[in-house]
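Asks: Have a look at this prediction, sequence included:
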Amino acid sequence: MYKDFKHGDLVVEMKGISKRFPPNVIALDHVDFTLRAGEVHALLGENGAGKTTLMNILYGLYQADEGEVYVYGKKVNIKSPKDALRLGIEKVHQNYMLIDELTVTENIVLGLKSPREPLLDLEQAARNIAEFARNIGLSIDPKAKIWQLSAGEKQRVEILKALYRGAKILILDEPTQVLTPIEARQLFQAIRKLAREGLSIVFVTHKLPEVFATSDRITVLRKGKVVATLNTKDANEKLLAELIVGRAEDVLVPVRKVGIAKPRTRAMTVLEVKGVCAVNDKGLPALKNVSFSVREGEIFAIAGIAGNGERELAEVLVGLRKALKGRVFFMGKDITNKPVEEIMNLGIAYIPEDRLGVGVVPDLPVYLNIVLTMHSSPPFAYKWL
């Protein structure tokens, strides 16, 4: 797929990159970074280490105060993402850059030239995208609206959009933060396949297991400086943890396997779901006669890959989606299809998978986000005010 350079050839070289932010924050301090053709290079470090800032410079979102960038052996001045795209550099951001009201196909082809200009053949584009997605192992419904997709499916669209536009260098910024373990493993398989075909990938993360699952080389950043670049086969979790935090003592906490907890048979049933049925945003069946109960003091896990009804179930439980059939009981009280406010007042809380898009209002300060669900109660409200 990417024939211009042979595997192992240097495709990106960043030399002495420095970046400062007001009033006197040194985000990057003379950082060197290289990327080779067909390589997955993990950029590792704690939050605030400078990983995203470095990649934003490569993608043209920020301008370096010092340093030089070479792409395919030529010195370049990447002033904007448009410049990066011309060089074959694409980035999948931590937060999705999709238009919810458009379909998967419309998001992917947005801004691209149509083979039938001035006409736009979305049906043919949808068929092309579906085949393209299957070939790289990231299948998706090209006609689905973005707002109908799970967080994991939205990320697939972001990656497909980058690759469909001809990316030769792909930056993945914390790509697994909203993925289930199964979805993460599928992503890792797709990454390795793309790298074998010649795509060069920067995998930005702070999770050690992901580094070993995906990468060929690792660069560790700490407080804006490169502290090590090494081959993944020469690293281990203890070494990387020490490089990240900057101290040699034990930094990995051992986890003791305790086995499967025994059910608390005498505990009171707090939540009971009986034969619940519901449809998804496309009007198709999502829940079919779902039944279970949750006892006091119990952690009840619901597992499954994106699109199998987990989101719809959660929304039914908190009143955000209508149950077409069945009942939901909380502390013995029927709360089926009750208003969201009434359910929340009973003590049921909901943390959605799309925390930025649904869980918070990004333009409001933290304190206002915290009191949003309490705006109608004292001391935040008085009578009707």
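Replies: Arrived safely.
Asks: can you give me the helices in the protein?
Replies: 51-58, 81-86, 104-109, 122-136, 151-164, 181-196, 208-214, 237-245, 310-317, 340-345, 366-371 (DSSP state H).
Asks: Now render these as TSV, adding mean pLDDT, mean neighbour count and distance to Asp173.
Replies: C-betas here are computed from N, CA, C, even on glycine. Output for the helices of the chain, formatted as TSV (pLDDT from 0 to 100; neighbours: other C-beta atoms under 10 Å; distance: least, C-beta to C-beta, whole Å):
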stretch	mean pLDDT	mean neighbour count	distance to Asp173
helix 51-58	95	23	6
helix 81-86	92	15	13
helix 104-109	94	24	18
helix 122-136	90	16	19
helix 151-164	88	22	10
helix 181-196	87	17	13
helix 208-214	92	19	13
helix 237-245	91	17	17
helix 310-317	92	20	24
helix 340-345	90	14	33
helix 366-371	85	10	23
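Asks: So for Phe33, which of these sits nearest?
Replies: Closest of the helices of the chain to Phe33 is helix 51-58, at 6.4 Å (criterion: C-beta to C-beta).
Asks: Now stretch 281-300: buried residues?
Replies: Neighbour-count burial for stretch 281-300, counted by 16 or more other C-beta atoms under 10 Å, picks out 286-287, 290, 295.
Asks: Check stretch 317-325 too.
Replies: By neighbour count on 16+ other C-beta under 10 Å, the buried set for stretch 317-325 is 317-319, 321, 323.
Asks: Tell me which two in the residues you listed are the farthest apart.
Replies: The widest separation within these (C-beta to C-beta) is 11.5 Å, between Val318 and Ala323.
Asks: what residues are shared contacts of those two?
Replies: Between them, Val318 and Ala323 share no contacting residue under C-beta atoms under 8 Å, 6 or more residues apart in numbering.
Asks: Sketch out the low-pLDDT regions of the stretch 201-350 of the chain for me.
Replies: 248-266, 306 (pLDDT under 70).
Asks: Could you pull out the strands in it for me?
Replies: Remark: strands assigned in the stretch 201-350 of the chain by DSSP state E, counting those that start in this stretch are 217-222, 225-231, 269-279, 285-295, 325-330, 333-334.
Asks: So what sits opposite Asp334 in the bridge?
Replies: Phe329 (DSSP bridges).
Asks: Tell me, how many residues neighbour it?
Replies: Asp334 has 11 neighbours, counted by other C-beta atoms under 10 Å.
Asks: What of Val328?
Replies: 22.
Asks: Go ahead and confirm it touches Ile335.
Replies: Yes. In this structure, Val328 is within contact of Ile335 by C-beta atoms under 8 Å, at 5.5 Å.
Asks: Looking at the strands of the stretch 201-350 of the chain, which is nearest to Glu153?
Replies: When the strands of the stretch 201-350 of the chain are compared by C-beta to C-beta, strand 285-295 sits nearest Glu153, at 13.7 Å.
Asks: what's in contact with that closest one?
Replies: With C-beta under 8 Å, 6+ apart, strand 285-295 has contacts from 263-264, 267-280, 300, 309, 312-313, 316, 323, 325-326.
Asks: One more pass at 7 Å, please.
Replies: Outside strand 285-295, the residues that touch it by C-beta atoms under 7 Å, 6 or more residues apart in numbering are 264, 267-280, 300, 309, 312-313, 316.
Asks: Give the pairing partners of that strand; include direction for each.
Replies: Here strand 285-295 has these sheet partners by DSSP bridges: strand 269-279 (antiparallel).
Asks: what's across from Val76 in the sheet?
Replies: Val76 has these beta-bridge partners by DSSP bridges: Val69.
Asks: so what's it scoring on pLDDT?
Replies: At Val76, the model reports a pLDDT of 95.
Asks: sorry, back to before: the helices of the chain into a markdown table, with extra columns for distance to Arg222?
Replies: Below are the helices of the chain laid out as a markdown table (distance: least, C-beta to C-beta, whole Å):
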| stretch | distance to Arg222 |
| --- | --- |
| helix 51-58 | 10 |
| helix 81-86 | 26 |
| helix 104-109 | 36 |
| helix 122-136 | 34 |
| helix 151-164 | 27 |
| helix 181-196 | 25 |
| helix 208-214 | 14 |
| helix 237-245 | 6 |
| helix 310-317 | 37 |
| helix 340-345 | 42 |
| helix 366-371 | 27 |
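Asks: Relative to Arg20, tell me which of these wins on proximity.
Replies: Closest to Arg20 of those is helix 51-58 (C-beta to C-beta; 10.3 Å).
Asks: hmm, which of the contacts of strand 285-295 are the buried ones?
Replies: Among the contacts of strand 285-295, the ones that count as buried by 16+ other C-beta under 10 Å are 270-273, 276, 278, 280, 309, 312-313, 316.
Asks: Out of those residues, which is nearest to Glu106?
Replies: Nearest to Glu106, judged by C-beta to C-beta, of these is Asn280 at 19.7 Å.
Asks: Quick check: closest non-adjacent residue to that closest one.
Replies: Counting by C-beta to C-beta, 6 or more residues apart in numbering, Asn280 lies nearest to Ala286, which is 4.0 Å off, once chain neighbours are set aside.
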